[in-house]
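A.B. asks: Sharing a model that was predicted from the sequence below.
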Amino acid sequence: MTAPLVTILDDDADIRQMLTEVLEEAGFRTQSFARAREFEAALNHVAPDVCLVDLSLPGSDGLALVHRLALERGAAVIIISGRAQVQDRITGLELGADDYITKPFEPAEVVARVRARIRSSRPVHPTGNTARFNGWTAHFDRYALEDDSGAETPFSHAEGEVLRLFLESPKRLISRQQMQETLGGAAGESFDRAMDVRISRLRTKLREDPKNPRLIKTIYGAGYIFLGDVHWS
């Protein structure tokens, strides 16, 4: 079985070298890049399991890159950044990142976070990769929602994790704690905010009335319930 591929985008050569060494020692394959243009060009030929992305890149908007990775390519993205403010962490998660690590960091922590993302991204899904519900089809192999006319709307890897969680447990209460335990990440304000944003975006893509959603119901103080009838294939 081929080892998971981790791509590293950071303009600091020492950090790239250090991450390459610890990840390869842990059994991962790696590719590293100093510039966003080189990194994005390489993605036309490779499909990484996890992307490690520094936000402070010369000549590039790191947050915009994270958003493109998450939305257009369905990649699992871990931000590694010297920006330690809570708002920076929240913004990164809102734009589609799966995790956020601040510099300076312990190399072992990066390895642990990468392993956690791969476990989350590659679970065994006996249900399959296509789910049909209430006039919609969710294609998890290409990260797209298809309506009954055939029109498709892309969703990010992070949004897809939340959607799959709902579709695999329809008509059952899912608490915030269950979401945190299943999807990974540290519990707290940034995780809660990220979940709120992802659920809001899913409701928009499903054309839900935000004041009275039909499918993803909020049970205040308890969690969420997905009310659709789901058929997997």
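C.D. replies: Yep, that arrived.

A.B. asks: remind me, longest helix of this protein?
C.D. replies: In the chain, with assignment by DSSP state H, the single longest helix is helix 189-205.

A.B. asks: which residue packs closest to residue 130, ignoring adjacent ones?
C.D. replies: residue 233 (4.9 Å; Cβ to Cβ, 6 or more residues apart in numbering). Using the backbone N, CA and C atoms, a C-beta is placed for each residue, glycine as well.

A.B. asks: How many residues are close by the nearest residue to residue 83 once chain neighbours are set aside?
C.D. replies: Nearest residue to residue 83, sequence neighbours excluded (Cβ to Cβ, 6+ apart): residue 55, at 5.9 Å. A count of neighbours around residue 55, defined by other Cβ atoms under 10 Å, yields 22.

A.B. asks: Give me the pLDDT value at residue 55.
C.D. replies: Looking at residue 55, its pLDDT reads 86.

A.B. asks: likewise residue 141?
C.D. replies: On the pLDDT scale, residue 141 is placed at 87.

A.B. asks: My guess is it contacts residue 129. True?
C.D. replies: Yes: Residue 141 is in contact with residue 129 according to Cβ atoms under 8 Å; the separation is 4.5 Å.

A.B. asks: still on that earlier bit, give me the contacts around the longest helix of the chain.
C.D. replies: For helix 189-205, contacts defined as Cβ atoms under 8 Å, 6 or more residues apart in numbering pick out 86, 89-90, 93-94, 100, 145, 153, 155-156, 158-159, 162-163, 176, 179-180, 185, 210, 213, 215-216, 224.

A.B. asks: buried set for the helix or strand in which residue 178 is found?
C.D. replies: When elements are assigned from DSSP states H and E, residue 178 belongs to helix 176-183. For helix 176-183, the neighbour count (16 or more other Cβ atoms under 10 Å) marks 179, 180, 182, 183 as buried.

A.B. asks: Kindly report the same for stretch 150-169.
C.D. replies: 154-169.

A.B. asks: out of those residues, which are inside helices?
C.D. replies: Filtering the buried residues of stretch 150-169 for helices - DSSP H - leaves 157, 158, 159, 160, 161, 162, 163, 164, 165, 166, 167, 168.

A.B. asks: Make a markdown table out of these and add pLDDT.
C.D. replies: Below are these laid out as a markdown table (pLDDT from 0 to 100):
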| residue | pLDDT |
| --- | --- |
| 157 | 80 |
| 158 | 81 |
| 159 | 87 |
| 160 | 89 |
| 161 | 88 |
| 162 | 92 |
| 163 | 94 |
| 164 | 93 |
| 165 | 92 |
| 166 | 95 |
| 167 | 94 |
| 168 | 91 |
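
A.B. asks: Thank you kindly, that will do.
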